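# Would you be able to build a 3D model of this:
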Amino acid sequence: MPIETVFLDAGGVLVFPNWERVARALAAHDVHVDPQILARTEPKAKLRLDRDAAQSKSDAERGWLYFNLILNEAGLSLSDATDAALVDLRAYHADQNLWELVPPDVQPALERLKALGLKLVVVSNANGRLRHLFERIGLADRFDVLLDSFEEGVEKPDPRLFEIALERSGARRETTMHVGDLYSVDVIGARAAGLQAVLLDSAWLHEGVDCRRIHSLMELCELLARTNNLRLPDL
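This is a model prediction of the structure:
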C-alpha cells in the first residue's frame, strides 16, 4: 500500500545540537574539544543511549545523559566543569532550543518528499520550544503539522503521541510511516501505534535491529519513491 503521510522525529533526524555552541560552553569552563569531534562521536553515544534506554525515564533525562555519553566518547572526563557547561546549555535550550543545526541535506530532502505528494508531520519529544525553533531556523512551513510532546503532555514511545498525530493530521494508520533515530523510542512507539517504522542510522551502527534502516533523508526519498512507484523528482 502506498505511503501517504510521513511522521518525522525532529532531533537526530531534522535538527542536531549546535556543536559549535556546545564547544564554546565547555571552553567557558576550561574544557576544550573540537566541535567536529563531538559531531563524529554523537552516533556512538546515541547507540549507547538507545541500548540503555531503561536507565532513564523521561526524554529530558535521556537528553542530558546523551551529552555526557558524547563527552565520554570524545575522550573527556566528566567533572564539575562539564556539569557547569551543561547547566549553561540547559538554560539556552530552555529558551531557544539547542537543536538548531540543520544539516545541508534536510531542506532538499523535504522538498523532494513534498514533491512526491506526501503529507509531512513532525512528531518530536521536545521541550515546548519546537515551534519557536522551527520558525527561527526556517523549517516550520515545511510541515503540515508539528507535534511537541511537552505541549501534548505525552512523549514517545507512548503510542498516544502517534495517535494524536494521526488525528491532528488526518492521516490513515495503514498509509503512515514514522522515521526516527532511536529504536527504543521511535520504532517501538510507532509500532505500538500500528505504524510502519524506519530507523535513521546515519553511521550504520544499529546492527541486528528488526526494522528497515536508512543512512540519510535522501535515502528515505528514494525508498518512498520506490514504495509509491513514483519517479524521484529532480529539484
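# Backbone dihedrals for residue 43, please?
Note on residue 43: backbone dihedrals following degrees, to the nearest 10 are phi -60, psi -40.
# what's around the nearest residue to it once chain neighbours are set aside, how many residues?
Nearest residue to residue 43, sequence neighbours excluded (Cβ to Cβ, 6 or more residues apart in numbering): residue 203, at 3.7 Å. (Glycine included, C-beta is placed from N, CA and C.) Residue 203 sits with 12 neighbouring residues when counted by other Cβ atoms under 10 Å.
# now residue 203, what's its secondary structure?
Assigned with DSSP: H, G, I helix; E, B strand; the rest coil, residue 203 falls in the coil class.
# repeat for residue 13
coil.
# Ok, residue 160 next?
Applying three-state DSSP: residue 160 is helix.
# pLDDT at it, what is it?
Predicted confidence (pLDDT) for residue 160: 98.
# Can you tell me how far it is from residue 181?
Counting by Cβ to Cβ, to the nearest Å, the gap from residue 160 to residue 181 is 21 Å.
# How about the lowest-mean-pLDDT helix or strand in the chain, which residues are buried there?
Within the chain, judged by mean pLDDT, DSSP states H and E, the helix or strand with the poorest mean is helix 59-73; its value is a mean of 86. For helix 59-73, a neighbour-count test (16 or more other Cβ atoms under 10 Å) marks 59, 62-73 as buried.
# between residue 160 and residue 181, which one's more packed in?
When neighbours are counted by other Cβ under 10 Å, residue 160 and residue 181 differ, and residue 181 comes out ahead with 21 against 15.
# can you pull the pLDDT of the residue lying closest to that one once chain neighbours are set aside?
Sequence neighbours aside, residue 12 is the residue nearest to residue 181 in space, at 3.5 Å (criterion: Cβ to Cβ, 6+ apart). Looking at residue 12, its pLDDT is 97.
# Using the three-state scheme, assign residue 23.
Under the three-state scheme (three-state DSSP), residue 23 adopts helix.
# what about it, neighbour count?
Residue 23 has 20 nearby residues by other Cβ under 10 Å.
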